[in-house]
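In: starting from these lines, generate the structure:
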Amino acid sequence: MRISFGTAVSLRAGGYLLASLTCLTAAAQGSTLTGGSPSGVVPAAATTAVAGDPASCPPILRHTFARLQDEKPQPLCQYAGKVVLAVNTASFCGFTPQYKGLEALDQKYRARGLVVLGFPSNDFSQEAGSNKEIADFCESTFGVKFPMFAKSSVRGADANPFFRQLAQQTGTTPKWNFYKYLIGRDGKVVDAYSSMTAPDDRAFIRTLEKQLSQN
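Out: Got it, this is the predicted structure:
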């Protein structure tokens, strides 16, 4: 099922009803709706690994992505030493309201060393808009302030190099939008969480706080 950007706006106005049914059902079943290269994906060349990073930067963060708002290059190495929560996002999914929880999480734990990183993707045909449209939607609808990057693929042959490494380290790729990877201060992936795991999930919060307490 493919949803055009114009149709998706109407769905948002109606409370994400149709999108929610599609998204929640597919996530619960762990299904994939697309094959081959999804439309609207930033070419892999736009998110290539960076050479010559400082030795203090763990290998998994040695990548540069275009910032969502202005497409200026942003090295992930700037987050070295922090606890990172990487999430693939979409604007028109039943899980899209998790943006609010993710922003609250980032605000609450930022001073302790957490950073939430958002990676919009059209891999599941629910992020058809341009980078500007995505940025405007996230800010105006959910007040998102945590770092977000230009739309790219997060699974399959076209997956960006960061998510490719996450898949290699965990043995799992995003099954749907709002899949989550928690990375410790040492750059090692702690765990992966399904879309069904909300940002305020108690078990997840316990793991997160444990990671934040480690120097």
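In: buried residues of stretch 132-148, list them for me.
Out: Of the residues in stretch 132-148, those buried by neighbour count under the rule 16 or more other C-beta atoms under 10 Å are 133-135, 137-138, 142, 144, 146-148. Placement of C-beta: from N, CA and C, glycine included.
In: equivalent analysis for stretch 108-127, please.
Out: Per 16+ other C-beta under 10 Å, stretch 108-127 contains these buried residues: 109, 113-127.
In: what does the model give the spatially closest residue to residue 149 that is not a sequence neighbour for pLDDT?
Out: Spatial nearest neighbour of residue 149, chain neighbours left out: residue 65 (4.0 Å); criterion: C-beta to C-beta, 6 or more residues apart in numbering. Turning to residue 65, the model gives it a pLDDT of 98.
In: so residue 65 is in contact with residue 154, correct?
Out: No: judged on C-beta atoms under 8 Å, residue 65 makes no contact with residue 154 at a distance of 11.7 Å.
In: who touches both of the two?
Out: Shared contacts of residue 65 and residue 154 (C-beta atoms under 8 Å, 6 or more residues apart in numbering): 119, 160.
In: higher neighbour count, those two?
Out: The neighbour comparison of residue 65 against residue 154 (other C-beta atoms under 10 Å) goes to residue 154, with 29 against 26.
In: could I get the phi/psi values of that one?
Out: Recorded main-chain torsions at residue 154 are phi -120, psi 0, according to degrees, to the nearest 10.
In: re earlier: the residue nearest to residue 149 and residue 213, how far apart?
Out: As judged by C-beta to C-beta, to the nearest Å, residue 65 and residue 213 stand 29 Å apart.
In: same thing with residue 55?
Out: Applying C-beta to C-beta to residue 55 and residue 213 gives a distance of 25 Å.
In: show me where this structure dips below the pLDDT cut-off.
Out: Counting by pLDDT under 70, the chain shows low-confidence ranges at 1-54.
In: which parts of it are strands?
Out: Taking DSSP state E, the strands of the chain run over residues 64-66, 73-75, 83-89, 114-120, 180-183, 189-193.
In: nearest to residue 165, of those strands?
Out: Among the strands of the chain, the nearest to residue 165 by C-beta to C-beta is strand 189-193 (8.7 Å).
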